[in-house]
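1. Next comes the sequence, and after it the predicted model I'd like to discuss.
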Amino acid sequence: MSSGVDLEHVTIRFGDFTAVDDANLAIKKGEFFSFLGPSGCGKTTLLNLLAGIGNDRQQKINYFGDNGVEINSPKLGYIFQQPRLMPWMTVTENIQLILPEDQHHQVDHLLELVGLTDKGNCFPKQLSGGMQQRVSIARALAFEPNLLLMDEPFGALDEITRETMNDELLN
């Protein structure tokens, strides 16, 4: 099931600072949607709200699935600007972290998908920033989310890898 999202009259404040003011948003099931704007305009704040990070639960968020039926919580993946990997875990363990034990076999396929088949036993500090970000992408895709949030996921990638990852994510 794919998920869509509706936000209605969302305002997000941090003390006296208004990060987002009266935002309305409708993303249809299966739609690819991008927030564009200058640094500090609230893009990450909106993504965090959609992911339930820092949400005070007073905001009106509707997630809907097949046939427009509202669902309480979508199965979502989030690719952050920074990889956010556990430094004491190997690449394989970082991906397995979110998978049930009976699905750990998927890691090899995910590493192949992001071009890191030979890096499963490496620790994050042994990888370049771009490789770490690809591990983060693999982890977000691991449990096949029906809503994928991405916050500048390709910023640390070189142009060739960026194009490859873009094609894979669109698939």
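-> Nice, I can see it. Predicted model only: the values in this text are computed from it and were never measured.
2. For residue 18, give me its contacts.
-> 11-12 (Cβ atoms under 8 Å, 6 or more residues apart in numbering). Just so you know, the C-beta spots here come from the backbone N, C-alpha and C atoms, and that holds for glycine as well.
3. How about the secondary structure of it?
-> strand (DSSP: H, G, I helix; E, B strand; the rest coil).
4. Can you tell me how far it is from residue 141?
-> Distance from residue 18 to residue 141, counting by Cβ to Cβ, to the nearest Å: 34 Å.
5. And residue 119, by the same measure?
-> Going from residue 119 to residue 141 by Cβ to Cβ gives 16 Å.
6. what's the answer for residue 38, then?
-> Applying Cβ to Cβ to residue 38 and residue 141 gives a distance of 29 Å.
7. go on, residue 94?
-> 13 Å.
8. of those two, who's got more company?
-> Between residue 94 and residue 141, counting by other Cβ atoms under 10 Å, residue 94 is the more crowded of the two (25 against 20).
9. residues touching the more buried one, list them.
-> Contacts of residue 94 (Cβ under 8 Å, 6+ apart): 85-86, 124, 135, 139.
10. what's the closest of the residues you listed to residue 25?
-> Within these, proximity to residue 25 (Cβ to Cβ) peaks at residue 139, which comes in at 25.9 Å.
11. Tally up the residues packed near the closest one, please.
-> 25.
12. For it, what is the enclosing helix or strand?
-> Following DSSP states H and E, one finds residue 139 within helix 129-141.
13. so what strands line up beside the helix or strand that comes right after that helix?
-> Per DSSP H and E, the first helix or strand lying C-terminal to helix 129-141 is strand 147-150. If you go by DSSP bridges, strand 147-150 pairs up with strand 76-79 (parallel).
14. Buried ones in stretch 114-123, by neighbour count?
-> 114-116, 119-120, 122-123 (16 or more other Cβ atoms under 10 Å).
15. whoops, I mixed them up, stretch 149-168
-> For stretch 149-168, burial by neighbour count (16+ other Cβ under 10 Å) applies to 149-151, 153-154, 156-157, 161-162, 164-165.
16. average pLDDT for that stretch?
-> Computed over stretch 149-168, the mean pLDDT rounds to 81.
17. End to end on that stretch, go ahead and measure it.
-> End-to-end span of stretch 149-168 (Cα to Cα, to the nearest Å): 15 Å.
18. related to what we said a few turns ago, and the two most separated of the buried residues of stretch 114-123?
-> So, the buried residues of stretch 114-123 by Cβ to Cβ: farthest apart are 115 and 123, at 18.2 Å.
19. returning to that earlier point: among the buried residues of stretch 149-168, which are located in helices?
-> Secondary structure from DSSP state H places 161-162, 164-165 of the buried residues of stretch 149-168 in helices.
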